Structure formats: C-alpha cells, structure tokens
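> kindly return the folded structure for what I paste below:
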Amino acid sequence: MKIGIIGAGNMGGAIARGLAAGNLVDAADIAVACPDRHGELESIRSSNSDIVTTTVNAEAAKNADLVIVAVKPWLLDSVMAELKPVLDFSRQMLASVVAGVPLSHLAEFGLATSDKPVVFRLIPNIAIAVHESMTFVSALNASADQIDSLTSIFNELGKTMVVEERLMVAGTALASCGIAYALRYVRAAAEGGVELGFYADQAKEIVMQTMLGAVKVLESTGNNPEVEIDKVTTPGGITIKGLNAMEAAGFTNSVIASLKASV
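Numbers count the residues shown, from 1 in each chain. Sure, this is the predicted structure:
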C-alpha cells in the first residue's frame, strides 16, 4: 500500500516514522508533504532516507492508496482544494487526523468524483511516536476489508479501536487528554516520592515502573482493576489507608470530572 501524508508536524511526522519502522508498509511507499516546514521534512528524511518527502502536497497524494491529512483544522479546506485535482476516490481512501472535523465534512471533498467516497476519521495520541498510541477510528462508506486494512496499519503504532463517530470526542478525552492526566499523576507521585526521601529522578523511575507493572498485570489477567487492588489491600494495612486518603481528597471524582470537562 502506498501512503501519502499531508503535514509534517508532530502527528504527521510521528505517523511517517512509525510506519517506516513497521513491517506492513515499505518506507519507499510513504510520501510526506509539507510546503513550509522544510526542517521537519529533513528530520523525517534523516530518520529513514527511503521515505519520500516533498514540498508539494499534490505530489504526495496523487499516487497514494491512502491519503492521511494531518494539518491544523483551519488549513484543511485550503489543503483539500489543492489536492482535489489529483484525488481519485474510486481507488483512494482519505483519512483525517484533523481534530473536530466530522466524517460528513470529509466526505464532501470526494462527492464530486464519487457517490460514496471512503473516508476515515482518526484520533491517535502522542504515544504514536513510540508505537503505543491508542487510536480511535470511525469510517464512512468503508467496507470491512478497508476498515481492517486501515486498522492493521495503525495497530503497528499501538492499538486501534473502531467506534461510532459520536464517541470520538469521548475517546479524545480518555486517551489523548488522558495521557496528560496520567502524566500529571506521575508528576504528583514523584513529588510525593521526594517527600518520602528519594531523589527526583529515582522517584520518577519508581513511579513509571510501577505504572508499567500495573498495566501489564491488567493486560495479562484481564481483571477489573479492583480485583488487583484487593490483592494488595490487607485489612488494617497501609494500602487501604492510602486508598482511603486518596478518596477523601476526591481522587476518583476529580478524574471523572476532568474527563467530563474535556468533552
């Protein structure tokens, strides 16, 4: 599959590097375009010299089977107008990581050439750069095979979940904003570790490994988190005292409130 990526910023660049490092797409079949960010294009090219880079958006899109648009929302319409002469929706799929743009609007770009243009809306998170993104996918006019093809590509960059479009905003809160919330816990716990006597770098390392261990436990068992919490919570022990202190400070309510505030 040939992939054209329009945009060489944080997300477009991360997708290009991640795909080039995977096994499903040859680096030479990835083209990245950006008219005004030559430094980013050079950085992408230096990561893998087989990736094709260009300052002409249409050049990256015209031979692609999948066109991924990764630009700022206010640039989308002008970029798509530039791509329109070379897009062929009878053979090409369009995917967008542009925040807040619904499938119905994406489909408008292909209605002149196709009754049912195949379009995807994607919400990755910043962990895509290290192949650990949680990516949400919504589709319009896509066959099961086309959905499988797209999700297999992004599964190389983490995990994907196909959802109804109405859940994309919630997915953003839970996984994209959620990374910031998780990192805020790391910072808070590391600060607590310093109060307990560890150096800052030691405390951060301890918290990160502890979080990694917690994730691996849930992955391996498939259990509800509370089941694993019970295993380390003995009657009258220090863990239950700490958990109760967290709840007294509003931990669960504050997490839920932060998620609701993000939608």
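> list phi and psi for residue 235.
phi -60, psi 130 (degrees, to the nearest 10).
> burial of it, as a residue count?
5 (other CB atoms under 10 Å). All C-beta spots, glycine's among them, are computed from the backbone N, C-alpha and C.
> so what pLDDT did it get?
pLDDT for residue 235: 95.
> ranges for the helices of the stretch 151-263 of the chain?
In the stretch 151-263 of the chain, the segments counted as helices under DSSP state H, counting those that start in this stretch are 168-171, 177-195, 200-221, 225-231, 238-248, 251-261.
> hmm, residue 6 is touching residue 68, no?
Yes: with contacts counted by CB atoms under 8 Å, residue 6 reaches residue 68, the gap being 6.9 Å.
> what sits in contact with each of those two?
Both residue 6 and residue 68 are in contact with residue 12, where contact means CB atoms under 8 Å, 6 or more residues apart in numbering.
> rewinding a little: identify whichever of the helices of the stretch 151-263 of the chain lies nearest to residue 86.
When the helices of the stretch 151-263 of the chain are compared by CB to CB, helix 168-171 sits nearest residue 86, at 27.8 Å.
> contacting residues around the longest strand belonging to the chain?
Of all the segments assigned as strand in the chain under DSSP state E, the longest by residue count is strand 133-140. For strand 133-140, contacts defined as CB under 8 Å, 6+ apart pick out 103-104, 106-107, 117-128, 146-147, 150-151, 154, 157-165, 167-168, 171-172, 175.
> show me which of those residues are buried.
Neighbour counting by 16 or more other CB atoms under 10 Å classes 103, 106-107, 117-125, 127-128, 147, 150-151, 154, 157-158, 160, 163, 168, 171-172, 175 among the contacts of strand 133-140 as buried.
> pop out the phi and psi values for the residue nearest the centre of the chain.
Geometric centre of the chain, nearest residue: residue 124, 1.5 Å, by CA atoms, centre = their mean. Main-chain torsions, residue 124, degrees, to the nearest 10: phi -90, psi -180.
> that one and residue 209: what is the separation?
25 Å (CB to CB, to the nearest Å).
> what's the answer for residue 74, then?
From residue 74 to residue 209 the distance is 41 Å (CB to CB).
> the longest strand of the chain pairs with which strands?
strand 119-123 (antiparallel), strand 158-162 (parallel) (DSSP bridges).
> about what we covered before: and the pLDDT for the residue nearest to the centre of the chain?
Looking at residue 124, the pLDDT reads 94.
> pretty sure it is touching residue 154, no?
Yes: if you go by CB under 8 Å, residue 124 and residue 154 touch, sitting 7.2 Å apart.
> quick one, phi psi at the residue sitting furthest away from the middle of the chain?
Centroid-distance maximum for the chain: residue 236 at 41.7 Å, with CA atoms, centre = their mean. Main-chain dihedrals, residue 236, degrees, to the nearest 10: phi 70, psi 10.
> number the residues from 57 up from this point.
Happy to do that; since the first residue is 57 now, the last one works out to residue 292.
> ok, it - contacts?
The contact partners of residue 292, by CB under 8 Å, 6+ apart, come to none.
> now do it against residue 302, distance only.
17 Å.
> residue 311 too?
From residue 311 to residue 302 the distance is 10 Å (CB to CB).
> name the residues that touch stretch 257-271?
Contacts of stretch 257-271 (CB under 8 Å, 6+ apart): 238, 241-242, 245-250, 252, 254, 284.
> pull out the buried members of the residues you listed.
Buried among these by 16+ other CB under 10 Å: 245-246, 249, 254.
> what's the first-to-last distance across stretch 164-171?
Using CA to CA, to the nearest Å, one end of stretch 164-171 lies 10 Å from the other.
> distance from the chain centre to it, please.
27 Å (CA atoms, centre = their mean, to the nearest Å).
> taking the contacts of stretch 257-271 together, which two end up most distant?
250 and 284 (26.6 Å).
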